[in-house]
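Participant: using only what follows, build the 3D model:
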Amino acid sequence: MLKIINKILTRIKAIRPSAGESQKRTDLTGLFKNPLFYFRWRKTAPKAQSIEPVPELSEGRKHKLSNFVKFFAMQKNNIFTKLRPAHNSGSFYFGLISIILFSAMYASCGSSANTGGLINSRIAFFNPFFNKSDNPTADILFSSHANAIPLETPDLKIMQDNTIGGVATPSVVSSKILGDVFGNNQNQKDVTDYTVQPGDTFQSIADANHISINTLLWANELTKSSTAKVGQDLIILPIDGIFHVVKSGDTMSAIASKYKASADYIISYNHLANQDDIYIGDILIVPGGVMPKVSSPIIINNQIPLADNFFIYPSQGIITQGLHYMNAVDLANKCGTPIYAAASGIVQRAVFNNAWNLGMGNYVTILHANGTVTYYGHFETVFVKPGDKVMVGDRIGLMGQTGKATGCHVHFQVMGAINPLAKYPVGKKISY
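Facilitator: Numbering: from 1, shown residues only. Next up, the predicted model:
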């Protein structure tokens, strides 16, 4: 193409007149001397200026002009001859049709009229007429963001090394979900830990957390004669009452009767579906509950002896928090690190709603053959469902940062036995 343009310019220079002829002619003959001369003349010439008759060109000029026209026509034919193979190929028509279709789709976009560059442009979404026939804008294939619901694309996760599953967050945003996202204190009904500081008393600690001193003593298996010791770890309930660890044979009505509390209040406070939605190892907060008067103290988490190799490590990482409520250890690693079943058993709960869930976020509980229960919290993704039978080492989810978590980790808790991670100090690296 550059060679063709150079030849054209060479031809134009060849027919350019001498300086003497250029001064004599100020009419339209300048078009043949220099193609740009005509447009400059039209721009600068007065509107009322009369035009002198165009004198006839000399034979030499006519010959050069004729040769130029023939040369240009020949070059034009050469160009179309080179383009003809692509013009006849199927890919040419496919590309042409694709451009036309995409242009038509963009023109039908409701936001195309408002496009003013990248700053003012908006993204087009599929109109919800696909599933709503009564939609007033159902005749529009594309619509603006303000009038349409974007189609959600789920995250693809590999499950059990042989299956791909789609995982999506809740598509309907309710007031409960908004409260979980923005930190509504009414939904953050989590139990916390507190380390006694110099000058603390049980009464001052209870007052600072807006609970009764009996609630504090009951949660920590203390009596009124007990004294606070600096460095002592305490469990702080979020409300006056008591907490109960569900055992085999427990029913909701029996638990409510034991602690003189309302069964309906226990169900609603712990976000249970109904009175049958309890499993062995569940920790229930009993609002307004009172410790029964018995001759022997109630052991909240009775630990049975187990072989050292009964549990495996639930994951790899670094211990960031030692033993805390309830018999739990935090093991941190990057988000997405696999989490495995510490022992064989049956999945009791597999909660994957990205909600607060008493600070545990997405979590899983597994009941083992000896009656112990392992609890895994703060999942990014859960691979199991209630009722699934898992073997020791089965991957049950991926490490995350849901619920009350300042970083990616798993809250590994053991109910009914010694936590295998409890013997390691904070900062210890755990690996297989």
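Participant: give the contact list for residue 310.
Facilitator: Neighbouring residues of residue 310 by Cβ atoms under 8 Å, 6 or more residues apart in numbering: 343, 370, 417. From N, CA and C alone the C-beta is placed, and that goes for glycine too.
Participant: make TSV out of those and add pLDDT and distance to residue 263.
Facilitator: Shown next, in TSV, are the contacts of residue 310 (pLDDT from 0 to 100; distance: Cβ to Cβ, whole Å):
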residue	pLDDT	distance to residue 263
343	95	32
370	89	30
417	90	29
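Participant: which of those residues has the most neighbours?
Facilitator: Within these, residue 343 tops the neighbour count with 24 neighbours, counted by other Cβ atoms under 10 Å.
Participant: so that one touches residue 311, yeah?
Facilitator: Yes - in this structure, residue 343 is within contact of residue 311 by Cβ atoms under 8 Å, at 5.4 Å.
Participant: before we move on, back to that, in CSV, list the contacts of residue 310 along with distance to residue 401 and secondary structure.
Facilitator: Putting the contacts of residue 310 into CSV (distance: Cβ to Cβ, whole Å; DSSP: H, G, I helix; E, B strand; the rest coil) gives the following:
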residue, distance to residue 401, secondary structure
343, 25, coil
370, 32, coil
417, 27, strand
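Participant: quick one: low-confidence ranges for the stretch 101-250 of the chain?
Facilitator: Applying pLDDT under 70 to the stretch 101-250 of the chain flags the ranges 107-189.
Participant: ok, now with 80
Facilitator: Along the stretch 101-250 of the chain, the model assigns pLDDT under 80 to residues 102-190.
Participant: residue 368 and residue 253, how far apart?
Facilitator: Separation of residue 368 from residue 253 (Cβ to Cβ, to the nearest Å): 27 Å.
Participant: quick one on the thing from earlier: for residue 343 and residue 311, list the residues in contact with both.
Facilitator: When contacts are counted by Cβ under 8 Å, 6+ apart, residue 343 and residue 311 are jointly contacted by residue 374.
Participant: got the end-to-end distance for stretch 220-227?
Facilitator: Length of stretch 220-227, first residue to last, Cα to Cα, to the nearest Å: 12 Å.
Participant: just stretch 254-272 next, same as before
Facilitator: The straight-line separation of the ends of stretch 254-272 (Cα to Cα) is 16 Å.
Participant: show me the chain divided up by domain.
Facilitator: Per automatic domain parsing, the structural domains of the chain span 2-43+58-88, 192-287, 317-430.
Participant: and residue 368 and residue 253? Which one has more around it.
Facilitator: Comparing residue 368 with residue 253 by other Cβ under 10 Å, the one with more neighbours is residue 368, at 24 against 10.
Participant: since that was my last question, I'll sign off now.
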